[in-house]
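Visitor: Take this sequence and fold it.
(one chain, ligands or ions: 2)
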Amino acid sequence: MEQKELKVSAIKNGTVIDHIPAANLFKVISLLGLQSISNQITFGTNLESGKLGRKAIIKVADRVFSDDEINKIALVAPMAKLNIIENYEVKEKKQVSLPDEVSGYVRCMNPKCITNHEAIRTLFSVVNKAPLALKCHYCEKVTTEEHMIIE
Ligand code: CTP
Ligand code: ZN
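Guide: Numbering: from 1, shown residues only. Ligands and ions are numbered 1, 2, ... in the order given. From the prediction side, this is the model:
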């Protein structure tokens, strides 16, 4: 049997977010607000992956995420898989899924949109999943994946 080598150490309890496109690792960190929590976090990036070319992985100790938090990840890592770890074992696997509506985090690409001028949270409906296209609730312009700015 082929020996499985862990590039990032196993964790005892928490969440492993695997199969993140390497280019979007820091976007996932930011979407989940990981830069401002005190849990132990380890990550690896530019790891080899058959499916993605180069993937990243994030391991957050002693933390589980809500479905809303998980689904935000779908914006930048549609193939991400979450593994809930308990006492070193994979207790549950979750696939991210794109919600029908996206609220906040993404900027409307229309410079004239009210959300770019006033303190109004953006709101979009998902009009296409791959490539991602979001239609603004306020100005009705469609922001496509290539123009997407995540904040
Ligand atoms: N993992 C971990 N700590 C543990 C158990 C698992 O960090 N105590 C990580 C593994 O390194 C892996 C992920 O959690 O990145 C999923 O574990 P597992 O299901 O055993 O791996 P695979 O079968 O490779 O999962 P998949 O093919 O679903 O990605
Ligand atoms: Zn708009």
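Visitor: ok, what's across the strand from E48?
Guide: Beta bridges link E48 to R54 when assigned by DSSP bridges.
Visitor: roughly how far apart are it and N13?
Guide: The gap separating E48 from N13 is 27 Å, by CB to CB, to the nearest Å. All C-beta atoms are positioned from the backbone trio N, CA, C, and that covers glycine.
Visitor: Give the residue from these two that has the larger number of neighbours.
Guide: N13 (15 against 9; other CB atoms under 10 Å).
Visitor: was I right about that one contacting A61?
Guide: Yes: counting by CB atoms under 8 Å, N13 touches A61, with 6.5 Å between them.
Visitor: Distance check, D68 against S97.
Guide: From D68 over to S97 (counting by CB to CB), the distance is 11 Å.
Visitor: And those two? Which one has more around it.
Guide: Legend: neighbour count by other CB under 10 Å for D68 and S97, higher for S97 (12 against 9).
Visitor: so that one is in which element?
Guide: S97 is located outside every helix and strand, with elements delineated by DSSP states H and E.
Visitor: contacting residues for it?
Guide: S97 sits next to 71, 74 when contact means CB atoms under 8 Å, 6 or more residues apart in numbering.
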